[in-house]
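Novice: After the sequence you'll find the predicted model.
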Amino acid sequence: MTATGPAARPATGSAPVPVTAALALGDDALVLSHRLGEWAGHAPVLEEEVALANIALDLLGQARVLLSLAGDEDELAYLREERAFLNLQLVEQPNGDFAHTIARQLYFSTYQQLLYAELAPGDGPFAPLAAKAVKEVAYHRDHAEQWTLRLGDGTETSHERMRRACDALWRFTGEMFQPVEGLTADWARLEERWLESVTDVLGRAGLPVPQGPRTGAWSAGAGRQGLHTEPFGRMLAEMQHLHRSHPGASW
Amino acid sequence: MVTATSLEERLLELAGAVPDPELPVLTLRELGVLRAVRVHTGDAVEVDLTPTYTGCPAIEAMSLDIERVLRAHGMREVTVRTVLSPAWSTDDITSEGREKLREFGIAPPRVRHGDGPVPLTLGPTRTQAPHATQATHATQATHATQALHATPVALDLRATDTATEPVRCPHCGSADTELLSRFSSSACKALRRCLACREPFDHFKEL
């Protein structure tokens, strides 16, 4: 979202773009990008600061393309109210400690890579973006996997903190596999493969697979319907306030 | 495919000679991001440009530079379109481009062989080049088999490392290098260190 230059607008022919799906995927990318950007100046080491900012940049690029498919990217990002955002509750969760950020990255990037891989072939409206971004997301997932192994299989403290983080975010992972209007994907298969992959990484990291529920009354899961958790409002206020205070400003 | 007119060829050459704003040793042609130039009327031209990474901020500077150069050569109206498909790959960097990157101190991306999932050997703390200089093809094959067996789940998630050849140090040429961080000064590069000459260096990651 900058004052100059349009986002990449893929030539998708005249096929109508399913707006709900564009918003759901675009909001996931935008909100997680903002959360990761909050690490700038606070990451444990310089290399991680750079890595998280680069992942945030990739996600921001995806968000620009996806929101541009649904309408005006700046209006959608900066002028919508909380209830109009369709992102998963997982991506809006606060960064927590570094382990929480890595657990969130592991859960989300695995999901995003599997979903984009399904959307990439063919000539659907999301195929050009998915085909491009799936290769970038492979690096995000790899980054999260390496850190999960390192922290899980590290010291007693790092193991314990990584275990707690994986547990804490587990209840937000069922929502990822609720069908999204306008997206053709085999959601049950996607979930199966996600569980397989995450279980494999956790196993190699010496971490237990969390036992709590992922769906149902005690889990989370209404982000796609516009219902969000408490920290999201504060995040939006910070993200949107400059644009709202200075409408039309450019540099 | 429409045959390009000689004017279009000339304009493609001019746009292709624009240096990359982030890696000025490379031109846009060598980077492989320029897709097409179409002249609509006598002095209105449309250029197709593809981003390296979806979020690459350099694309805006590239567009402005292309516009400036083509206007300077008599084009009144220059439109730069960003196209995503087919997705850019590091295989689109020309061989001169790779050589220039190396001379500039950046290990060029390795050319990908095939698209299938690649088994990786993973260490808990550091990812060292699995095969040092002496590694033979035979030992590589053994490593690959072991890695496959060590990972019973057949992950369809694309591996991020082709693992077919080691990343060589752009300074001394040694294949004995290790990964320090998957993301370096920009999303397209990883930070590595040479274990022979001890110099850190950037590696343009395969995409």
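Specialist: Good, I have the coordinates.
Novice: All the strands of chain B, in order from the start?
Specialist: Taking DSSP state E as the test, the strands found in chain B are B:34-41, B:44-49, B:77-82, B:106-107, B:127-128, B:177-181, B:189-194, B:200-204.
Novice: Among the ones you listed, which comes closest to A:P179?
Specialist: Evaluated over the strands of chain B, closeness to A:P179 peaks at strand B:77-82, with 30.6 Å, by C-beta to C-beta. The C-beta positions use only the backbone N, C-alpha and C, and glycine is treated the same way.
Novice: Map the structural domains onto the sequence of chain B.
Specialist: Domains of chain B are assigned by automatic domain parsing as B:6-88, B:102-204.
Novice: near chain A at all, the shortest one?
Specialist: I take that to be domain B:6-88. Yes: counting by C-beta under 8 Å from any C-beta of the partner chain, chain A is contacted by domain B:6-88 at B:51, B:53-57, B:59-60, B:63, B:81-88.
Novice: now the chain, which segments are flagged as low pLDDT?
Specialist: In the absence of a named chain, chain A is used. Applying pLDDT under 70 to chain A flags residues A:1-15, A:217-219.
Novice: that answer is for a different chain, and I need it for chain B
Specialist: Ranges of chain B meeting pLDDT under 70: B:1-4, B:113-164.
Novice: got a list of what A:H241 touches?
Specialist: By C-beta atoms under 8 Å, 6 or more residues apart in numbering or on different chains, the contact set of A:H241 is empty.
Novice: CA atoms of the one helix or strand it maps to as CSV?
Specialist: Under the criterion of DSSP states H and E, A:H241 resides in helix A:230-245. Output of helix A:230-245 as CSV, limited to C-alpha atoms (Å, rounded to 0.1, in the frame of the first residue of the first chain):
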residue,chain,number,x,y,z
GLU,A,230,-10.2,-8.5,21.2
PRO,A,231,-6.6,-7.6,20.2
PHE,A,232,-7.7,-7.2,16.5
GLY,A,233,-9.4,-3.9,17.1
ARG,A,234,-6.3,-2.4,18.6
MET,A,235,-4.2,-3.7,15.8
LEU,A,236,-6.5,-2.1,13.2
ALA,A,237,-6.6,1.2,15.1
GLU,A,238,-2.8,1.4,14.8
MET,A,239,-2.8,0.2,11.2
GLN,A,240,-5.5,2.5,10.0
HIS,A,241,-5.0,5.7,12.0
LEU,A,242,-2.5,7.5,9.7
HIS,A,243,-4.6,7.0,6.6
ARG,A,244,-7.8,8.0,8.5
SER,A,245,-6.2,11.1,10.0
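Novice: Tell me the gap between it and the middle of its chain.
Specialist: 18 Å (C-alpha atoms, centre = their mean, to the nearest Å).
Novice: same thing with stretch A:209-217?
Specialist: For stretch A:209-217, the distance to the chain centre is 20 Å (C-alpha atoms, centre = their mean).
Novice: quick check, it touching chain B?
Specialist: No: using C-beta under 8 Å from any C-beta, stretch A:209-217 stays clear of chain B, with a minimum separation of 13.1 Å.
Novice: buried ones in the helix holding A:H241?
Specialist: Residues A:232, A:235-236, A:239-240, A:243 are the ones in helix A:230-245 that count as buried (16 or more other C-beta atoms under 10 Å in any protein chain shown).
Novice: Can you pull the phi/psi pair for A:Q105?
Specialist: Here is the backbone geometry of A:Q105 (degrees, to the nearest 10): phi -60, psi -40.
Novice: so where do the helices sit in the stretch 51-200 of chain A?
Specialist: A:73-78, A:89-92, A:98-119, A:127-152, A:156-170, A:187-204 (DSSP state H, counting those that start in this stretch).
Novice: re earlier: could you take the strands of chain B and lay them out as TSV, with extra columns for mean neighbour count?
Specialist: Formatted as TSV, the strands of chain B follow (neighbours: other C-beta atoms under 10 Å in any protein chain shown):
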stretch	mean neighbour count
strand B:34-41	16
strand B:44-49	19
strand B:77-82	18
strand B:106-107	23
strand B:127-128	18
strand B:177-181	18
strand B:189-194	21
strand B:200-204	21
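Novice: Make TSV from those and add distance to A:E75 to it.
Specialist: Output for the strands of chain B, formatted as TSV (distance: least, C-beta to C-beta, whole Å):
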stretch	distance to A:E75
strand B:34-41	29
strand B:44-49	25
strand B:77-82	20
strand B:106-107	39
strand B:127-128	43
strand B:177-181	36
strand B:189-194	34
strand B:200-204	36
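Novice: From chain B, how far out is A:E73?
Specialist: 13 Å (C-beta to the nearest C-beta, to the nearest Å).
Novice: Burial check on that residue, number of neighbours?
Specialist: 22 (other C-beta atoms under 10 Å in any protein chain shown).
Novice: can you check A:V45 too?
Specialist: Around A:V45 there are 10 residues (other C-beta under 10 Å).
Novice: and what of B:I93?
Specialist: Neighbour tally, B:I93, other C-beta under 10 Å: 22.
Novice: Please look at it and B:G32 and confirm they touch.
Specialist: Yes: the pair B:I93 / B:G32 is scored as a contact, 5.4 Å apart, by C-beta atoms under 8 Å.
Novice: Just give the closest residue to whichever residue of the stretch 1-150 of chain A sits closest to chain B, not the sequence neighbours.
Specialist: Across the stretch 1-150 of chain A, the shortest distance to chain B (C-beta to the nearest C-beta) belongs to A:G61, at 2.4 Å. What sits nearest to A:G61 in space, not counting adjacent residues and going by C-beta to C-beta, 6 or more residues apart in numbering or on different chains, is B:G55, at 2.4 Å.
Novice: next one: B:T90
Specialist: Excluding the flanking residues, the one nearest B:T90 by C-beta to C-beta, 6+ apart is B:P109, at 3.6 Å.
Novice: just checking, the one you found touches B:D202?
Specialist: No: using C-beta under 8 Å, B:P109 makes no contact with B:D202, being 11.2 Å away.
Novice: quick one, what contacts the most centrally placed residue in chain B?
Specialist: Against the mean C-alpha coordinate of chain B, by C-alpha atoms, centre = their mean, the closest residue is B:T90 at 3.2 Å. B:T90 sits next to B:109, B:112, B:204-207 when contact means C-beta under 8 Å, 6+ apart.
Novice: of these, closest to A:E73?
Specialist: B:L207 (23.8 Å).
Novice: So what's the residue count around that closest one?
Specialist: Here the number of neighbours of B:L207 (other C-beta under 10 Å) works out to 21.
Novice: swap in A:R171?
Specialist: Neighbours of A:R171 using other C-beta under 10 Å come to 20.
Novice: Just to check, it is in contact with A:P213?
Specialist: Yes: judged on C-beta under 8 Å, A:R171 makes contact with A:P213 at a distance of 6.5 Å.
Novice: Distance-wise, check the residue nearest to A:T184 when sequence neighbours are not counted relative to A:A43.
Specialist: Distance criterion C-beta to C-beta, 6+ apart; nearest residue to A:T184, sequence neighbours excluded, is A:G124 at 7.2 Å. Distance of A:G124 to A:A43, given as C-beta to C-beta, to the nearest Å: 37 Å.
Novice: circling back to that earlier point, as TSV, the contacts of B:T90 with distance to A:A99 would be great.
Specialist: Below are these laid out as TSV (distance: C-beta to C-beta, whole Å):
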residue	distance to A:A99
B:P109	32
B:R112	33
B:F204	31
B:K205	26
B:E206	29
B:L207	28
